[in-house]
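J.: fold the following.
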Amino acid sequence: MHQIHKVIKERRSILGITQEDLASMAGVSLRTLKAIETGKGNPSLRTLQNLVEVLGMEVQLGLRQTYA
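T.: Numbers count the residues shown, from 1 in each chain. Coordinates of the predicted model:
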């Protein structure tokens with residue numbers, strides 16, 4: 001399972017976007033973005049949607065494998 005904070009930080013870095021710019025473009029505070037990227041904050045679904053849209057990504061949900 002991917003850790004969302006690492007994926008967001010890595011994608012932002014690959015695109016050469018600063019934290020300040022990503023926060024501004026996604027309509028979130030810099031403090032919120034920093035908390036998300038360090039794994040100390042959990043983004044709301046709306047915030048996550050805004051971030052991944054700016055980063056050219058998408059959110060996918062899947063079923064967990066269950067064991068009988």
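
J.: what's the first helix or strand after the longest helix seen in the chain?
T.: Determined from DSSP state H, the single longest helix within the chain is helix 4-15. Proceeding C-terminally, helix 4-15 gives way to helix 19-26 as the next helix or strand, assigned by DSSP states H and E.

J.: the longest helix of the chain versus helix 19-26: what angle between them?
T.: For helix 4-15 against helix 19-26, the angle by axes from the mean of the first three to the mean of the last three CA atoms, to 10 degrees is 100 degrees.

J.: mind giving me the packing neighbours of helix 4-15?
T.: Contacts defined by 3 or more CB pairs under 8 Å, 6 or more residues apart in numbering; DSSP states H and E place helix 4-15 against helix 30-37, helix 45-54. In short, each C-beta sits where N, CA and C put it, glycine included.

J.: the first one - contacts with which helices or strands?
T.: Contact here means 3+ CB pairs under 8 Å, 6+ apart; on that basis helix 30-37 packs against helix 4-15, helix 19-26, helix 45-54.

J.: hey, what's the angle from that helix to helix 45-54? Just curious.
T.: When the same axes, to 10 degrees is applied, the directions of helix 30-37 and helix 45-54 differ by 90 degrees.

J.: got the CA positions of helix 30-37 in CSV?
T.: Output in CSV follows, covering the C-alpha atoms of helix 30-37 (Å, rounded to 0.1, in the frame of the first residue of the first chain):
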residue,chain,number,x,y,z
LEU,A,30,1.0,25.8,3.4
ARG,A,31,0.7,24.5,7.0
THR,A,32,-1.8,21.9,5.9
LEU,A,33,0.3,20.8,2.9
LYS,A,34,3.4,20.5,5.1
ALA,A,35,1.5,18.4,7.6
ILE,A,36,0.3,16.1,4.8
GLU,A,37,3.7,15.7,3.3
